[in-house]
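Participant: give me a 3D structure for the following:
(one chain, ligands or ions: 1)
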Amino acid sequence: VLLRAETLQALTEAMLVAMGSEREEARLVAKHLVDGNLKGHDSHGIGMLPRYLDSIQRGALVPNQHATVARDSGALRLFDGGHGYGQVIATEAVTWAVEQAREGGIALFGLRNTHHIGRVGAYGEQAAEAGLISVHFVNVLTIGARTAPFGGREGRLGTDPICITVPGTDASPTIVLDFATAALAYGKVKVAYNAGEQLPPGCYVDEDGRETTDPALFIRDHKGAMLSFGGYKASGLAVVCELLAGAVTGSGVTQASAFRDGVHNGMLSIVFDPARLGDIDELRSEMDAHIQWVKSSPPVPGVEQVLVAGEPERLAEQARRRDGVLIDDGSWEEILAATSEAGLSPAQVEGLLEPSPRA
Ligand SMILES: NC(=O)c1ccc[n+]([C@@H]2O[C@H](COP(=O)([O-])OP(=O)(O)OC[C@H]3O[C@@H](n4cnc5c(N)ncnc54)[C@H](O)[C@@H]3O)[C@@H](O)[C@H]2O)c1
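Facilitator: Below is the predicted model:
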C-alpha cells in the first residue's frame, strides 16, 4: 500500500493513543516512526507498531513515562526511562544535553530502562539542529542476542548501532553517520524473507559456522547468527557498545536475562559545542572545503555521485514526501491486525486512510 506521510502520521498517532499514550506522546513517537519510513529505514518505521503493542502486553513497555534523573554530576547525567517509549526518553535526554552543552560546552549522558529508541540518527540530528556535535553508542536487549562476535558462530551481541553527527553549514549537509554494527538490521532480514529473497553474502552463518544467504534460517528456524560488518572491526565496536551503552549505564548487556520480552536500548551519548574548541567560521569553511573535496572523487561505474553520510536519507525523504511511502504487504497486514487488537475499529482505520479534503 502506498501512503502519504500525513496519513501514516495520523494512523500511527491514533494507534498509539489506542495503545494508551497521551496525545503528545503519540504525536512524538509517531513522528519518529514515520521519519524512519521517510528516510528509507522501513525497519525502523511504523512496522514497529505490532512489536510495541506486544511489548505493552508483556509489560516491557509502559506508555506515558518521562526521563527521570537517576544520577547527576553536573555535565554528566544518568537518565532512567521507566521502561517508557525510547523516542520520548531519548528526546528529553538530548534536550537536557543541548542546554548543558550550550552552557558548559559538553554534556554526557547515559540512558537505562528505556524501550526501543528507533533510528538513532534522530537524536544526532536534534543535537545538530542546535549546532552541536554528538556521538551515540547504543546496545540492544531483545529476545536472543543474534549477532556472533568475530570468529564465533553463536550470537552474543545485539545489532548495536553507533551514530556520529556533525552539523552542516549553508553549503554542506549535516553529517549523520548512523548504522548498526551488525551486517544487516534484523528488520531487513525479515523483509528479504517475506519477499522470498536471499541475503547478501557475508552477513550470516548457519549453526556450523558456514556462510549462508537463506533468511529462513534466521526468521523461521531461529538458527545461526548474524555477522558484524567489516569483520573484527565492527565486532569490536559492538562489544564497546555493549560496555558503554549497556554496562556503564546500568541498562544491561546481552547476557542479562531482564527485559528480553521487549526491545530495550541502552545509550551513552556525548554532545559538545565545537565553537568551544576553535573559531566556528574557520571550522565551517574547513568543513565545506573537505566535503567538496570528498564529493569531487569521480564515481565508479554504476554510481551517480559520491555521497556523504546523511545524504541518502535526505534524498529518500524528498522522494517519499513527494511520491508517498510504500509499505510492503506483509508489514501492512501485521499493522492492520495490530490496529484491531489495539481496539481501533475497521471504520476508524478506514476514516484515517481516506485522503483528507485538502489532498
Ligand atoms: N534502536 C535500535 O535498537 C537500532 C538497532 C539497529 C539499527 N538501528 C537503526 O537502524 C537504522 C538503519 O541501520 P543500518 O545499519 O541498516 O544502516 P545502513 O546500512 O543503511 O547505513 C546507514 C548509514 O550509512 C550512510 N550511507 C548509506 N549509503 C551511503 C552512501 N552511498 N554513501 C555514503 N553514506 C551512505 C547513511 O547516510 C547512514 O549514515 C539506523 O538509523 C540505526 O540507528 C536502530
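
Participant: and the lowest-mean-pLDDT helix or strand in the chain, what does it pack against?
Facilitator: Ranked by mean pLDDT, DSSP states H and E, the weakest helix or strand in the chain is helix 186-194, scoring a mean of 81. When contacts are defined as 3 or more C-beta pairs under 8 Å, 6 or more residues apart in numbering; DSSP states H and E, helix 186-194 sits against helix 216-219, helix 329-342. C-beta: built from backbone N, CA, C; applies to glycine.

Participant: state the mean pLDDT of the first one.
Facilitator: Mean per-residue pLDDT for helix 216-219: 91.

Participant: so which residues make contact with the helix or strand following it?
Facilitator: Heading C-terminal from helix 216-219, the first helix or strand you meet, by DSSP states H and E, is strand 225-226. Strand 225-226 has contacts (C-beta atoms under 8 Å, 6 or more residues apart in numbering) with 146-148, 152-155, 159, 182-184, 186, 189, 203-205, 218.

Participant: ok, stretch 15-22 next?
Facilitator: By C-beta under 8 Å, 6+ apart, the residues outside stretch 15-22 that reach it are 23, 25-26, 29-30, 49, 52-53, 56, 63-64, 85, 335, 338-339, 342-344.

Participant: from the middle of its chain, how far away would it be?
Facilitator: 21 Å (C-alpha atoms, centre = their mean, to the nearest Å).

Participant: quick one on the thing from earlier: just the CA trace of the least confident helix or strand of the chain, in CSV.
Facilitator: C-alpha atoms of helix 186-194 as CSV (Å, rounded to 0.1, in the frame of the first residue of the first chain):
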residue,chain,number,x,y,z
TYR,A,186,17.2,-7.6,11.7
GLY,A,187,14.2,-5.9,10.0
LYS,A,188,15.9,-6.1,6.7
VAL,A,189,16.3,-9.9,7.1
LYS,A,190,12.6,-10.1,7.7
VAL,A,191,11.9,-8.0,4.6
ALA,A,192,14.1,-10.4,2.5
TYR,A,193,12.3,-13.4,4.0
ASN,A,194,8.8,-12.0,3.3
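
Participant: that older thread, same for the ligand: which of the contacts of strand 225-226 are within range?
Facilitator: T159 (C-beta under 6 Å from any ligand atom).

Participant: write the PyMOL selection for whichever of the contacts of strand 225-226 are buried.
Facilitator: The buried subset of the contacts of strand 225-226, as determined by 16 or more other C-beta atoms under 10 Å, is captured in PyMOL by this line:
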select buried, resi 146+147+148+155+159+182+183+184+186+189+203+204+205+218
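
Participant: in strands, which of the contacts of strand 225-226 fall?
Facilitator: Of those, the ones assigned to strands by DSSP state E are 204-205.

Participant: and the residue nearest the centre of the chain, what element?
Facilitator: The chain has R119 as the residue nearest its centroid, 1.9 Å off, counting by C-alpha atoms, centre = their mean. According to DSSP H and E, R119 maps onto no helix or strand at all.

Participant: now it: how far from the ligand?
Facilitator: R119 sits 4 Å away from the ligand, going by C-beta to the nearest ligand atom, to the nearest Å.

Participant: for that residue, give me the pLDDT.
Facilitator: Listed pLDDT for R119 reads 97.

Participant: same check on W96?
Facilitator: pLDDT, read off for W96, is 98.

Participant: how about P355?
Facilitator: Note on P355: pLDDT of 64.

Participant: equivalent analysis for A128, please.
Facilitator: With respect to pLDDT, A128 scores 98.

Participant: assign it to helix, strand or coil.
Facilitator: Following DSSP: H, G, I helix; E, B strand; the rest coil, the label given to A128 is helix.

Participant: and C163, by the same measure?
Facilitator: With three-state DSSP as the basis, the three-state label of C163 is strand.

Participant: poorly predicted segments of the stretch 51-200 of the chain, please.
Facilitator: The stretch 51-200 of the chain contains no residues with pLDDT under 70.

Participant: what are the ranges of the helices in it?
Facilitator: Remark: helices assigned in the stretch 51-200 of the chain by DSSP state H, counting those that start in this stretch are 86-104, 121-129, 186-194.

Participant: out of these, which gets nearest to N265?
Facilitator: Of all the helices of the stretch 51-200 of the chain, it is helix 86-104 that lies closest to N265, at 5.5 Å by C-beta to C-beta.

Participant: contact partners of that closest one?
Facilitator: For helix 86-104, contacts defined as C-beta under 8 Å, 6+ apart pick out 25, 28-29, 32-33, 65-67, 74-75, 77, 79, 81-82, 106-109, 111, 114-118, 122-123, 126-127, 130, 132, 134, 265, 267, 269, 271-273.
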